[in-house]
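**Student:** Need the 3D shape of this:
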Amino acid sequence: MLFFYKMVYPIFMNRRAQKTEKHDSYRTFERVQTEELDKLLDDCSNVEDFVRAQVAPYQGVDLPGYLTYLIECKGLTRAEVIRRAGMSESYAYQIFAGEKQPSRDKLLALAVGVGMSADECRRALKLAGHSELYIKNRRDAAIAFGLRRGLDVYDINDLLYQMQEPILVSSK
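**Tutor:** Take a look at the predicted model:
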């Protein structure tokens, strides 16, 4: 429990310390599953303690930071991700900077570029306020298939085109 209290952001930090602290939050975000949190909430006697310890660390998690964290963890550069996603450089860099909110399709293209797992993609979509991939939907099933098989965005677009579904990215 003490570990989570240390994760709460100090009020005043320099940029470097903020970046390190956010990466710690993402690591926690990766480790703690919702099922575990449900169990902790069931065992908790005071909701304020639960919120302080379990919810507060996630308040600083945002999409640009999460994307940056995943890119760094996978040893990629932003330029590589943008190229693999088949996106416009200027638009993608605006997403990374938090200046633009990506559409669901643009975020899915970035997910392919990063090489996200299905779980990482679900989290990114959730952080952006988009619905997660719904496997009972033909188009979403094809995209999930491509993500799970490690297909690039062009192969996924070919698959979508063959299925007569809208493609993820139409041009650079």
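
**Student:** any low-confidence regions in the protein?
**Tutor:** 1-34, 52-60, 170-172 (pLDDT under 70).

**Student:** Report the separation between the most centrally placed residue in it and Gly86.
**Tutor:** Nearest to the mean C-alpha position of the chain, counting by C-alpha atoms, centre = their mean, stands Ala124 at 2.4 Å. Going from Ala124 to Gly86 by C-beta to C-beta, to the nearest Å gives 17 Å. The C-beta positions use only the backbone N, C-alpha and C, and glycine is treated the same way.

**Student:** Then Leu40?
**Tutor:** 41 Å.

**Student:** Which one's more surrounded, the two?
**Tutor:** Shown here are Leu40 and Gly86; by other C-beta atoms under 10 Å, Gly86 has more neighbours (22 against 14).

**Student:** do you know how far that one is from Ser45?
**Tutor:** The gap separating Gly86 from Ser45 is 51 Å, by C-beta to C-beta.

**Student:** Ok, Leu110 next?
**Tutor:** In this view, Leu110 and Ser45 are 42 Å apart by C-beta to C-beta.

**Student:** what about those two, which has more around it?
**Tutor:** Neighbour count, other C-beta under 10 Å: between Leu110 and Ser45, Leu110 has more, with 30 against 6.
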